[in-house]
Every structure is written in C-alpha cells, then in structure tokens.
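>>> Pasting the sequence and the predicted model now:
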Amino acid sequence: MVLRSISRTLLVLVATTLILLAVPVFAGDPAHTGSTASDPLVQLLTSKGILTPEEAQSVNQGSPVEQRARLLELLKRKGILSSGEVETLATPSASAQVSPALVASLTPVVPAAVVTTQAAQAKTETPKPAPPKVVPAVAPLRVLQLEPSKQDGLVPDLKLGSGAKLKLYGMVKASLIYDSSSPYGTDMPLPGFINGISGAGFDPGPNRSPEFHAKARFARVGTNFEWPDIAGSSNALTGKLEFDFEGNYSRALNRNISTIRSSMASIRLAYGRVDHKVNDSTSMFVLFGQDWTPFASSTLPNLFETTGYGLGFGTLYERAPQFRFGVGHKIGGSRNFFFQPEFALVMPAYGNDPSNVADQLGYGEKQGADSGRPELQARIVTQFQLDKAPGVAPAQLIISGVQGKRKAMVRASDVPLCATTNPLCTTDTVFRTAFPHGAAVSSTRTGFTGELQLPTRYVTVIGKYWTGSDLRFYFVGSLFSNYNDTLGLTKNCGTAAATAFCSAASSDGGSTVLFALTGTTPEVVPQRPVRTNGGFVNVAFPLSRIFGADPAGRNAGWQLHFHYAFDQAKTRDVLRLGNQRSKNDLAAATLFYKMNNLVSFVLEESMYRTRIANPDPAAVATFPKYEGVGARQWHDTRTEFGPIFTF
C-alpha cells in the first residue's frame, strides 16, 4: 500500500510538472495544435502504457488548453488523479480561459472507429484461462476458515469510497422432488412420528401421503468484505454477509394466498474478522458475528437437499452468533502440517420455542438466554496433505466440544396448587408457600465430536461421530431436548385422587414444569437432557478422474457420492417421554455432473427412516398411528433432481 501511494504521488508530480511546462511552450505555436507526436507529456504517458495510442489521439484535439483539460479528465477516469488534483490543475490562468462549452463536456470524444478498434483489440488481447491439466479429486465441503486472511487478498467486484472492497457470490438452485411419504406437507424431510402437527398428530390418513414439490427457495446471495488497515501489513480486516430464502413463509395479508412462492429471506452469516500475522508461521484471529459454530459444523456431507440438511437424521451443524478466537500455526514438513485451536462464546439456544406465536416473533426462545451465561465451544483442527497428487485438497482431523446450560422459569402466580386428595398435601398452597417468588429448573448440554476429512486422488472419505445431551438445537437427538425425571416421585394432583403431578407452564410457554412431594417436602421435578449419539460417513468418487476423462472436456465433472447417517436418542430417556421415535437414519446416493465450475446438474436418491423406542409387538396398542394402525417404523423414499448455478 505504501509503495502504491508513493508511486501515485510521483506520477502526479511528474504529470503536473510536464503539464505546466508543456502548456506555456505550445500555447503560442499553432503549428503544434492537434499534433500527437509533438506533445512530450502525451508521448511519455503513451510510452509507459498509461495512455493507448487511440486515447492520445483523442486528447490532442483543439488548442493546448483544451488538450490539457481532456488529458486531466482522462487521467481522473483512470484513477491516476483525484478530483481535487484535477480541480487544482484545471484552474486556468487569466490569459488562457477555456470556453464554457468545453468545461461542460470534458469527457473525450472518441470516434466510433476508434471505439471499435479498441474493443476488437481488447477482445483479441484478453487471455483465455488455461485448460486444467488434471481432473480434480472430490474436495470436502468446508465452511469454517482455517488459513488466515491476507491483507489485500480480496480481488473485489466493487470498491467503496471508504476503501472497503466487496466481492459478490451466490447461487440459484432449483429442484423437482417426489416423496413416497411426506406426512407434514413440508418440502424437506423430517423424522417420523412427530406428534401434534396442526393438532392432527402424525397419522396422514388412509395412504402414505406421497407428495410432489418444485422448489427454488435454495437461492443464496452473499458478499465477502475487506476493509483497509492504515496501520501496516500485519492485520487483515475481512467479513461476510450471506442470506438465503429458506425462511418461513410470510403471514402478511397480501401474501396469504401466494405463500407457496413467498418464502422470506433470512440471515445465514454476518460477521467481521480480524487476522493478525505474528510471524511467517503463526497467526491469530478474532471473529465477531454469526458464523458456523466451532462445535459440530466443521464437517458436512455433500448432499443436494440442503433445506434442513438432514434435519434430525444425523448431520449435526448450526450457525449462531458468537465471539471466536483462534491461533493458527504452520508446522510445515513434507506434508505441510497446520494446527489451529479455537475457542468461542456462543449464543445459548435450545430450540424450545415459546408456545405463543407473538412471543416467538418478538424475541425467539428464552431458555438459553435465561441461563445468564454463554455457551462455551472449542475445536482443534490438524490439517495436512495426505495425497500429494495434483488437484487433491488437504486432509483434516478435527475434534470439537460444547458445554452449556438452559433454564425454565415459573412465575409465582403460576405455581400450582396441591390436591388435598393427597394426604401429603397438608394444604393446597404447599407449593406456593415453598416457592413464594416462583420456581426455576435447569439442565445442561454437553457434546463432543470426532471428525475426519480424507481426500485422495480416487476417493474422498469424510465422517463424523458425535455424542452428547440436549442437542436438539443442532438438529439431532431425534429432535428431543429434555424430560421431567419423575422416577421415584409420588403423584400429588388430580380431581378424584392423586393421579398426576402438579404442573405449570414455564414463563415462555416452551416447557411444562412439574412439582412433587418427597415425603412432605415440596420440590420442582428435575429436568434431564435427552442423551444421544450418532454420526455419518460420506464416500465420494471422482468418476471422471477414475476413468481418465479429458480435463478440458465436457465429461470432466462426473462425481458419485454415497452417504449414510444415523441419529440415536437413548432409549431409556425416550421411554421417559413416552413411546416415541428413537432412531432415525438416512441413506443417499448423489450423482453430480458439472458442466463447468459454475453450473452443475444433480440427481439424488435417498431413503429417510424413523423407528420407535419400544420394539415389543405386544405393545402395538401404544404404538404411534400410521395409516390408521400402530406402526413401529416409517420411511420416505425421495427422488430429487435439479441444477445449481453459482456466481
């Protein structure tokens, strides 16, 4: 940046000096009017490549004063002179006034023939990109940045007056979808046996509820940013803003009859990042805003269906507001090892939405924020070059963890009365006496992942194993959060007898809090997180490379992916919730054809399956209903096809 500023200043001084010298010399010599060859400044700028011969010819029209005005304006348009410098240099002396007509039209007039010549020359001189020498291996989908940002590393599409640089990107994606069973009416798969959908439960009616969808709300737009840093070259200031149209459908009155095409734009990513170069091997960064979480989101399968991205079927990911810090160290060696630990303070969220729609729209969920503390997340990444063949991405080994807390609160006025039919209830206000200011109950979240991404020239294997508790917000755990642990406690409420536990809704309506008596001591029934584990493996083959396709040909972009994932909620915890879903799994095969780096066509065949916790056939009367009868499992065979256009 300093060298660029010095070069520009010297060029301005040289141009100014030559202009001031040239105008008085040639002002009184009509023999030089309109002569390109005799103007030393124009000759100098042309020889240095700042002006083309056609631009030089267009400048040297009319009197020397007019030539000077045209030259100044042209240098301004090229970014060599600023507006202030042009204004200073263009101020004419009393003996050399420029006509008002010329001042009003300082832009040089270039003959059409010259424009045509310039366009033809530019077309001829524009180099075509070199054809690839090898068909690339399948690269893992990586959403978390590992290598540090570099100052002036962004080639911008736009540059703002403040000096900030912007580079736009995005995609337009459309698909045709057929589901053999889609009981919720959604355009993305959800686990089976989710009760209470629109008050009708899971049972879709007399058939499997097959559905057809055409979807375009995958569309995504974003921009990368870079801000200038005047303090030196050790810092890089970058950022990202990204949104898509996969938000909920609008409930505005003028949209009610057109909701099928009126999904709302919603934020995906929005953050700023500061990278500091400590030395040639070590750097550190801080990130502020919404990004993919360090816990669980580092490794993602390359699936075509990205609405929900295997929601409830073992993928495990999230985007959330966070403050993140990391240190990267380049170890080097023949495998180019790189090591980076990260730590983040993340917005705590659990997916237990308020029951009142107005509250949901107003502030979202409360139970994470009500804990009064951030969620703690960390990850450690080791990157190295597993396969040194050309066109193969580095491998990564990753571990990540999370620890958080949620809290459900009950207002004093909502604390329940105790049924006097229970002999332990000496008075019906026993709970209100014990909790005069209200009550609260909490549970914890823990989680751990082990992840690997192993690209080679002929096959790429990625996988993840995870285990933890209360991972509903991360789209696993069969979408369960917590349960009331009543084991060993006595029921104390009911009209005719003590047949139930006294209960109250939490202040946000997102949970039911139970109250019980241990002996004669009132207490809040503890809430426990649902424990879960699962994982996935994704194996991808670069078919074009395996079969020796021409890297520059139309058949260079064939890839085949196989995917299997499972999500298992602990049966003991699920049975405490009732006889409900316990295990979900997903098997998929995806065929990609890339016309080029910007356009692909994809065909995906998949099967989504859900099984319940109780396998005892004698308990069929308690099984959830499907097609009118008790069912132990549900599955959906899904076909999806469409193009992806990126920019």
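Noted; the coordinates are in hand.
>>> rest of the way, CA atoms for contacts and neighbours
Fine.
>>> which residues in the stretch 401-550 of the chain form strands?
With DSSP state E, counting those that start in this stretch as the criterion, the stretch 401-550 of the chain has strands at 439-455, 460-469, 482-484, 502-505, 512-518, 521-524, 527-529, 531-541.
>>> Of those strands, which is nearest V430?
Ranking the strands of the stretch 401-550 of the chain by proximity to V430 (Cα to Cα) places strand 521-524 first, at 7.1 Å.
>>> Buried residues, the closest one. List them.
Residues 522, 524 are the ones in strand 521-524 that count as buried (16 or more other Cα atoms under 10 Å).
>>> that older thread, any chance of a markdown table for the strands of the stretch 401-550 of the chain, columns mean pLDDT and distance to Y608?
Below are those laid out as a markdown table (pLDDT from 0 to 100; distance: least, Cα to Cα, whole Å):
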| stretch | mean pLDDT | distance to Y608 |
| --- | --- | --- |
| strand 439-455 | 97 | 23 |
| strand 460-469 | 97 | 19 |
| strand 482-484 | 93 | 24 |
| strand 502-505 | 91 | 34 |
| strand 512-518 | 90 | 31 |
| strand 521-524 | 91 | 38 |
| strand 527-529 | 96 | 25 |
| strand 531-541 | 97 | 14 |
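>>> Make a markdown table out of these and add distance to F243.
Formatted as a markdown table, these follow (distance: least, Cα to Cα, whole Å):
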| stretch | distance to F243 |
| --- | --- |
| strand 439-455 | 27 |
| strand 460-469 | 27 |
| strand 482-484 | 31 |
| strand 502-505 | 35 |
| strand 512-518 | 35 |
| strand 521-524 | 42 |
| strand 527-529 | 32 |
| strand 531-541 | 27 |
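>>> among those, which is nearest Y309?
Per Cα to Cα, nearest to Y309 of the strands of the stretch 401-550 of the chain: strand 531-541, 12.6 Å.
>>> so what does the closest one touch, helix or strand wise?
With contacts defined as 3 or more Cα pairs under 8 Å, 6 or more residues apart in numbering; DSSP states H and E, strand 531-541 has these neighbours: strand 460-469, strand 558-569.
>>> Tell me which of those lies nearest to P210.
strand 558-569 (23.0 Å).
>>> Return the alpha-carbon coordinates of that closest one using PDB.
The C-alpha trace of strand 558-569 is given here as PDB (Å, rounded to 0.1, in the frame of the first residue of the first chain):
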ATOM      1  CA  TRP A 558     -18.800 -36.500 -13.000                       C
ATOM      2  CA  GLN A 559     -18.900 -37.400  -9.300                       C
ATOM      3  CA  LEU A 560     -20.700 -40.100  -7.300                       C
ATOM      4  CA  HIS A 561     -21.400 -39.800  -3.500                       C
ATOM      5  CA  PHE A 562     -22.700 -42.400  -1.100                       C
ATOM      6  CA  HIS A 563     -23.900 -41.300   2.300                       C
ATOM      7  CA  TYR A 564     -25.200 -43.000   5.400                       C
ATOM      8  CA  ALA A 565     -26.100 -41.200   8.700                       C
ATOM      9  CA  PHE A 566     -27.800 -42.200  11.900                       C
ATOM     10  CA  ASP A 567     -29.200 -40.400  15.000                       C
ATOM     11  CA  GLN A 568     -29.900 -42.500  18.100                       C
ATOM     12  CA  ALA A 569     -31.600 -41.000  21.200                       C
END
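>>> what's the angle between it and strand 531-541?
Counting by axes from the mean of the first three to the mean of the last three Cα atoms, to 10 degrees, strand 558-569 points 170 degrees away from the direction of strand 531-541.
>>> Report the next helix or strand after strand 558-569 in sequence order.
Counting by DSSP states H and E, the next helix or strand C-terminal to strand 558-569 is helix 571-577.
>>> And that next one, what's buried?
For helix 571-577, the neighbour count (16+ other Cα under 10 Å) marks 571, 573-574, 576-577 as buried.
>>> Please name the bridge partners of T646.
T646 has the following beta-bridge partners by DSSP bridges: M171.
>>> Isn't it up against L168?
No: the pair T646 / L168 is not scored as a contact, 10.9 Å apart, by Cα atoms under 8 Å.
>>> any idea of the mean pLDDT in the strand or helix carrying L41?
Assigned by DSSP H and E, L41 belongs to helix 40-47. For helix 40-47, mean pLDDT is 73.
>>> and that helix, which residues are buried?
Neighbour-count burial for helix 40-47, with 16+ other Cα under 10 Å as criterion, is recorded at 41-43, 45-46.
>>> so after that helix, what's the next helix or strand?
Per DSSP H and E, the first helix or strand lying C-terminal to helix 40-47 is helix 53-59.
>>> Report the buried residues of the following helix or strand past that following helix.
Downstream of helix 53-59, the next assigned helix or strand under DSSP H and E is helix 64-77. For helix 64-77, the neighbour count (16+ other Cα under 10 Å) marks 64-76 as buried.
>>> now stretch 157-170
In stretch 157-170, counting by 16+ other Cα under 10 Å, buried: 164-168, 170.
>>> Name the SS class of N302, please.
With DSSP: H, G, I helix; E, B strand; the rest coil as the basis, the three-state label of N302 is coil.
>>> how about the residue lying closest to it once chain neighbours are set aside, what does it touch?
Leaving aside its sequence neighbours, N302 sits nearest to L141 (Cα to Cα, 6 or more residues apart in numbering; 6.4 Å). The contact partners of L141, by Cα atoms under 8 Å, 6 or more residues apart in numbering, come to 299-302.
>>> Of the residues you listed, which is the nearest to N279?
For the contacts of L141, the nearest to N279 is T299 (28.9 Å; Cα to Cα).
>>> List the contacts of stretch 359-372.
Contacts of stretch 359-372 (Cα under 8 Å, 6+ apart): 347-354, 405-408, 508, 510.
>>> Ok, stretch 146-156 next?
Under Cα under 8 Å, 6+ apart, the answer for stretch 146-156 is 165-167, 225-226, 233-238, 275, 283-285, 328, 340.
>>> on contacts alone, who are the packing partners of the helix holding L41?
Secondary elements touching helix 40-47 (3+ Cα pairs under 8 Å, 6+ apart): helix 2-27, helix 53-59.
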